[in-house]
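J.: no FASTA, just this:
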């Protein structure tokens, strides 16, 4: 029996059609994967369902009732909850205060009943198996804990339909397994889910049915058991889909980055030499040390021991500014928290890093910056109308290109890319891979940290696998495959080999 039916939905913004006669049907107690590239119309449809946008045409029926003039409050009241990829939490409030925001309990004299709210939050976390203190400040939580809090917050008010938009982006493997167990448990109790993800293994592990959009149009739907990742991907991107191995071997130059007995938060005693023009993949389970190493190389976390050399010179008193002066740049994970300056336009977002280095220049020459932007837009194929557009108007893939341009403008030669395709669709991912290869071919040195092994296989000359804060194995390009990497990243080999 259907819980949700959306039929003939149309929507246009400023005369531009973003949804054209699309449909979606979700059954009770079903996990339904809503799939498509960034810009396919998924978020617009969900925003229509949750009252953020009004539809131009079409009908919506939820739990047997026709919905007209939907508002955000109305959608929540009837049991629809949207857990966004971009988390909507208040860092300066406590955990329990975020859960009960605008829904606070009060006692007989009208004062906040903090004791009851804390107790019910505690019971919720215990029921879900989420180790979290209701009194903790959200600002003190890890990104993965914030993600679980956002989901727990939605579950607290017993939604009939939960929309999960890229919910596993910041979770490690154990946390993903835990989330999936919660979803399956609730599904068994009759709760329905719309699951938006670009990770095919997750889709096929969790979803019952699927619907695919492309360019604002309905392409198809069906049971997950009757299809495969290749068919789904082709539906998402059309005839241009190619799963080719993009990797090309290159001539490498001299060593430009050298770590000796390098130690910091989350990793220790790392030795590594990277040559000019090389692409090195870093991977392992989340928390294994690969991302932590990258952050320390860039100076965002302190080094506890050992040394780092860039272009033959030791980087002293390591800091972000010293790293930038040494021609090291970093594209950080989690765009919203670490890269996006939402109140600035594309041009301003792009020249930020460059002018941090040249702070003694008191004025910014907009004409020169515009020429640089135009050159980077063409070189990186940034899809944007104008440099005056706000950064938030772009898709995730195009935002990443702007941030890559931000660092290329500093004339950096060593690029640290931490999970660069996070939340990016399959078509945009292919563009990012090609850009990485082009940059290496031009002489840039690239370190890419990711948990997605096929990603490393497409671009890396070799892969350093981390376990428990140390490099446990170096794999050459031809040795990289998911099974082998997983065996080492979980220490299933039960030995540490010399490399």
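T.: Great, that's in hand. Quick caveat, the model's predicted, so the values are computed rather than measured.
J.: give the contact list for residue 301.
T.: By C-beta atoms under 8 Å, 6 or more residues apart in numbering, the residues touching residue 301 are 264-265, 292, 295. Placement of C-beta: from N, CA and C, glycine included.
J.: can you read off the pLDDT for residue 237?
T.: Here, the pLDDT recorded for residue 237 equals 72.
J.: in three-state terms, label it for me.
T.: Three-state assignment for residue 237 (DSSP: H, G, I helix; E, B strand; the rest coil): helix.
J.: verify the stated contact: it with residue 427.
T.: Yes - between residue 237 and residue 427 there is a contact at 4.9 Å, judged by C-beta atoms under 8 Å.
J.: buried ones in stretch 301-316, by neighbour count?
T.: Buried residues in stretch 301-316, defined by neighbour count with 16 or more other C-beta atoms under 10 Å: 301, 303, 306, 308-311, 315.
J.: now do stretch 55-67
T.: Buried, per 16+ other C-beta under 10 Å, within stretch 55-67: 55, 58, 60, 62-63, 67.
J.: swap in stretch 166-177?
T.: Neighbour-count burial for stretch 166-177, with 16+ other C-beta under 10 Å as criterion, is recorded at 166-171, 175-176.
J.: kindly report the same for stretch 472-491.
T.: Of all the residues in stretch 472-491, those buried under the rule 16+ other C-beta under 10 Å are 472-475, 477, 480, 484-486, 488-489, 491.
J.: domains of the chain?
T.: Domain segmentation of the chain under automatic domain parsing yields 2-237, 255-489.
J.: so can I have CSV of those showing distance to residue 249?
T.: As requested, those are exported to CSV (distance: least, C-beta to C-beta, whole Å):
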stretch, distance to residue 249
domain 2-237, 26
domain 255-489, 7
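J.: hmm, which two among the buried residues of stretch 166-177 are most spread apart?
T.: Largest separation among the buried residues of stretch 166-177 by C-beta to C-beta: 166 and 175, giving 13.9 Å.
J.: all strands of the stretch 301-450 of the chain, in order?
T.: Using DSSP state E, counting those that start in this stretch, the strands of the stretch 301-450 of the chain run over 303-310, 313-314, 328-331, 414-418, 445-449.
J.: list the residues that contact the nearest residue to residue 322 once chain neighbours are set aside.
T.: Closest residue in space to residue 322, ignoring its immediate chain neighbours: residue 315 at 5.5 Å, by C-beta to C-beta, 6 or more residues apart in numbering. Contact analysis of residue 315 by C-beta under 8 Å, 6+ apart lists 308-309, 322-323, 326, 328.
J.: and if you look at residue 210?
T.: Listed by C-beta under 8 Å, 6+ apart, the contact partners of residue 210 are 32-35, 203, 221-224, 227, 232.
J.: which of these tops the neighbour count?
T.: residue 35 (28 neighbours; other C-beta atoms under 10 Å).
J.: so what's the nearest residue to that residue once chain neighbours are set aside up against?
T.: Nearest residue to residue 35, sequence neighbours excluded (C-beta to C-beta, 6+ apart): residue 212, at 4.8 Å. Residues in contact with residue 212 (C-beta under 8 Å, 6+ apart) are 35-36, 218-221, 232, 235-236.
J.: what lines up beside whichever strand or helix holds residue 212 in the sheet?
T.: Taking DSSP states H and E as the criterion, residue 212 maps to strand 209-214. In the sheet, strand 209-214 lines up against strand 31-35 (parallel), strand 217-223 (antiparallel) (DSSP bridges).
J.: so which of these gets nearest residue 100?
T.: strand 31-35 (27.6 Å).
J.: and the very next helix or strand once past the closest one, how far out from the chain middle?
T.: Per DSSP H and E, strand 31-35 leads on to helix 42-49 as the next helix or strand towards the C-terminus. What separates the centre of helix 42-49 from the centre of its chain is 19 Å, taken as C-alpha atoms, centre = their mean, to the nearest Å.
J.: which residues touch the residue nearest to residue 288 when sequence neighbours are not counted?
T.: Leaving aside its sequence neighbours, residue 288 sits nearest to residue 466 (C-beta to C-beta, 6+ apart; 4.1 Å). By C-beta under 8 Å, 6+ apart, residue 466 lies in contact with 267, 282-285, 288-290, 293, 472, 489.
J.: hang on, residue 466 in a strand?
T.: Yes - counting by three-state DSSP, one finds residue 466 located in a strand.
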